[in-house]
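*Asks:* Quick one, structure for this:
(chains A and B)
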Protein chains: 2
Amino acid sequence: MSNAKVLPLLEPDIVPCCPPLNERPLTADEAVRTAAMFKALSDPVRLRLFSAVASHEGGEACVCDISDVGVSQPTVSHHLKKLKEAGLLTSERRGTWVYYRVEPSVLAGMSKVLGQYAA
Amino acid sequence: MSNAKVLPLLEPDIVPCCPPLNERPLTADEAVRTAAMFKALSDPVRLRLFSAVASHEGGEACVCDISDVGVSQPTVSHHLKKLKEAGLLTSERRGTWVYYRVEPSVLAGMSKVLGQYAA
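*Replies:* Here you go, the predicted structure:
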C-alpha cells in the first residue's frame, strides 16, 4: 500500500448537488441528498467528533486522537463510519489506525446551500 | 472575516452559537445546539418546505402557498411548526392564515459553522 497521499475522486452521488435554499424550491431528489448531509451532522456526538477531526492538526485524526467526547471507542468508530458514508469524511488506513479527514468540497456545497444568508 | 463588524443582537435562544467546525472541537453544549439546527433540516420533506418558504416571493409563505410537495396540509403544518421551534422560521397570523418567514440570522450562523470550507 502506498503512503503517498492522494485525494480520492469524489463519487458523483456525494458531490454537493443543490442550489441555495432560497433560490427555488428543491426537487424531491435534491431534498433527499441535501437532507442526508444535514442528517449526518444532526447528532450532537457525531457533530463533536466531526469538529474534533476537522480542527485536529492537519485536518485529519484517527480514533486514537479522539477520546474526550465521553463515548466508547466503538461508538466513536460507528459515528466516524456514518460520517464517511455521508461523504463528509474520507478515510485511509496507515498501519494500525484508520485516519479520517474532512471532505472540504462536500462542506463547501453545504455552506453554499445556506450561503446566501451569510451576514 | 472582520472583527470590526458589529453582530446584531439576537434572542439568546436562537442565536447561532458556535465557531466554525474546524476552529476547535465543539463543546457538548455547542454541539447540542448546532446539531438541533442541522436536525431541523435533515428531513427531506421539511427541507423542501423550507426551501419553498425561503424561495417564495418576499421570503415568506403561508400553508396555502405550499401544496406541491406531496404531503397533506396537516403534515405541512407539522413540519413548519418544527422549523419554527428550531428557530429557522418565524410566523405571523394574518386573518385566516399563518405566514412563515425564514430567520436569516440563524441560517447565517449555520453557514458560518460551515463557512471556512467555502470554495
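
*Asks:* Can you tell me the closest non-neighbouring residue to A:Val71?
*Replies:* A:Val45 (5.8 Å; CB to CB, 6 or more residues apart in numbering or on different chains). Placement of C-beta: from N, CA and C, glycine included.

*Asks:* Could you report the neighbour count for the one you found?
*Replies:* Applying other CB atoms under 10 Å in any protein chain shown, we find 18 residues neighbouring A:Val45.

*Asks:* ok, it - contacts?
*Replies:* A:69, A:71, A:75, A:79, B:31 (CB atoms under 8 Å, 6 or more residues apart in numbering or on different chains).

*Asks:* For these, which entry has the maximal number of neighbours?
*Replies:* B:Ala31 (24 neighbours).

*Asks:* isn't that one right next to A:Arg48, touching?
*Replies:* Yes. Between B:Ala31 and A:Arg48 there is a contact under CB atoms under 8 Å: 4.4 Å.

*Asks:* and A:Ser105, which of the three is it?
*Replies:* Counting by DSSP: H, G, I helix; E, B strand; the rest coil, the backbone at A:Ser105 sits in helix.

*Asks:* Count the residues that sit near it.
*Replies:* Count around A:Ser105 with other CB under 10 Å applied: 15.

*Asks:* tell me the contacts of the residue most central in space within chain A?
*Replies:* Central residue check for chain A by CA atoms, centre = their mean: the C-alpha nearest the mean position is that of A:Leu88, 1.8 Å away. Contacts for A:Leu88 (CB under 8 Å, 6+ apart) come out as A:37, A:40-41, A:50, A:102-103, A:106-107.

*Asks:* so where do the helices sit in chain A?
*Replies:* A:28-40, A:44-55, A:73-85, A:104-115 (DSSP state H).

*Asks:* Tell me how many other residues surround A:Arg93.
*Replies:* 10.

*Asks:* How about A:Glu23?
*Replies:* What A:Glu23 shows, counting by other CB under 10 Å, is a neighbour count of 13.

*Asks:* any idea how far the residue of chain A positioned farthest from its centre lies from B:Ser51?
*Replies:* Distance from the C-alpha centroid of chain A, by CA atoms, centre = their mean, peaks at A:Arg24 (25.5 Å). According to CB to CB, to the nearest Å, A:Arg24 and B:Ser51 sit 7 Å apart.

*Asks:* which of the helices of chain A is buried the deepest?
*Replies:* helix A:44-55 (a mean of 24; mean count of other CB atoms under 10 Å in any protein chain shown).

*Asks:* okay, the angle between it and helix A:104-115?
*Replies:* Orientation of helix A:44-55 against helix A:104-115 (axes from the mean of the first three to the mean of the last three CA atoms, to 10 degrees) gives an angle of 120 degrees.

*Asks:* Tabulate the CA atom coordinates of helix A:44-55 in CSV.
*Replies:* Extracted C-alpha coordinates of helix A:44-55, given in CSV (Å, rounded to 0.1, in the frame of the first residue of the first chain):
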residue,chain,number,x,y,z
PRO,A,44,-24.5,16.0,18.9
VAL,A,45,-21.9,13.3,19.5
ARG,A,46,-21.3,12.9,15.8
LEU,A,47,-21.0,16.7,15.4
ARG,A,48,-18.5,16.9,18.2
LEU,A,49,-16.5,14.1,16.6
PHE,A,50,-16.6,15.8,13.3
SER,A,51,-15.4,19.1,14.7
ALA,A,52,-12.6,17.1,16.5
VAL,A,53,-11.4,15.7,13.2
ALA,A,54,-11.9,19.0,11.3
SER,A,55,-9.9,21.0,13.9
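
*Asks:* now that helix, how far from the centre of its chain.
*Replies:* Helix A:44-55 sits 9 Å away from the centroid of its parent chain (CA atoms, centre = their mean, to the nearest Å).

*Asks:* now that helix against helix A:73-85, angle please.
*Replies:* 70 degrees.
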